[in-house]
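Asks: just coords:
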């Protein structure tokens, strides 16, 4: 399953300009994903930052952009959902 997820994210990287346009519409200022292996299990660590995260989720949910449709389909297929973690520290120099 890790290879399938890698391929899915590779497609997103290959469609970088579409992803960046979508991020602008959503107000996302930072988005990244990492694949973590713990023993035999793989976990995707997905992080995004926006000035207004609720608005970003709403814009994304209502989006019909082809890249967002690709993302929604892949996310529903390869991942179990979304858990919002408790923020303990968030610093940047941007």
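Replies: In hand now; what should we look at? Predicted model, so just to flag it, every value in this text is computed and none were measured.
Asks: got a list of contacts for the one helix or strand residue 24 maps to?
Replies: Taking DSSP states H and E as the criterion, residue 24 maps to helix 16-26. Residues external to helix 16-26 that are found in contact with it (Cβ atoms under 8 Å, 6 or more residues apart in numbering): 12, 28-29, 31, 50, 55-56, 59-60, 63, 65-68. Every C-beta, even on glycine, is put in place using the N, C-alpha and C of the backbone.
Asks: let's see that with 6 Å instead.
Replies: 12, 56, 59-60, 65, 67-68 (Cβ atoms under 6 Å, 6 or more residues apart in numbering).
Asks: these in strands, which ones?
Replies: Using DSSP state E, no member of the contacts of helix 16-26 sits in strands.
Asks: which pair in those spans the largest distance?
Replies: Greatest spatial distance in the contacts of helix 16-26: 12 and 59, 17.6 Å, computed using Cβ to Cβ.
Asks: okay if I get the contacts of helix 16-26 as CSV plus pLDDT?
Replies: Shown next, in CSV, are the contacts of helix 16-26 (pLDDT from 0 to 100):
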residue, pLDDT
12, 95
56, 94
59, 97
60, 95
65, 96
67, 97
68, 96
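Asks: which of the residues you listed count as buried?
Replies: 12, 56, 59-60, 67-68 (16 or more other Cβ atoms under 10 Å).
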